[in-house]
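Engineer: Turn this into a model:
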Amino acid sequence: MNSVVKEQILAVRDTGKTNMFDVNKVMQIALRKGFHELVIFLSEHRAEYASFILTGETD
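Structural biologist: Residues are numbered from 1 along each chain as shown. Purely as a prediction, here's the structure:
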């Protein structure tokens, strides 16, 4: 996970508009905000995303 994706995840979280485990809703919000890197990341790396949400750590 690069720093851009991490910042985009945190920006979606800060909206407070979804449970961060609702990946489909996270993707919808990301699309509305123009976070295309995040949408691609979620499509390809769901396990890494879930780990980050649970632990706050990036590998």
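Engineer: Mind listing residues that contact stretch 18-33?
Structural biologist: Stretch 18-33 is contacted from outside by 8-9, 11-13, 15, 17, 36, 38-39, 42-43, 46, 49-50, 53, using C-beta atoms under 8 Å, 6 or more residues apart in numbering. In short, each C-beta sits where N, CA and C put it, glycine included.
Engineer: Give me the subset of the residues you listed lying in helices.
Structural biologist: Taking DSSP state H, the ones among these that sit in helices are 8-9, 11-13, 15, 36, 38-39, 42-43, 46, 49-50, 53.
Engineer: For residue 52, the count of nearby residues, please.
Structural biologist: Residue 52 has 19 neighbouring residues, counting by other C-beta atoms under 10 Å.
Engineer: picking up where we left off before, list only buried entries from the contacts of stretch 18-33.
Structural biologist: Those of those that meet the buried threshold are 8, 9, 12, 38, 39, 42, 49, by 16 or more other C-beta atoms under 10 Å.
Engineer: just for the chain, where's the confidence low?
Structural biologist: Residues of the chain meeting the criterion pLDDT under 70: none.
Engineer: List the residues that contact the most centrally placed residue in the chain.
Structural biologist: Centroid-nearest residue in the chain: residue 9, 3.7 Å away (criterion: C-alpha atoms, centre = their mean). Residues in contact with residue 9 (C-beta under 8 Å, 6+ apart) are 20, 26, 38, 49, 52, 53.
Engineer: likewise residue 46?
Structural biologist: Applying C-beta under 8 Å, 6+ apart to residue 46 gives the contacts residue 23.
Engineer: now the one 4 residues further on
Structural biologist: Counting by C-beta under 8 Å, 6+ apart, residue 50 makes contact with residue 21.
Engineer: residues of the strand or helix carrying residue 31 that come out buried?
Structural biologist: Per DSSP states H and E: residue 31 is located in helix 23-33. Buried positions in helix 23-33, judged by neighbour count with 16+ other C-beta under 10 Å: 23, 26, 27, 29, 30.
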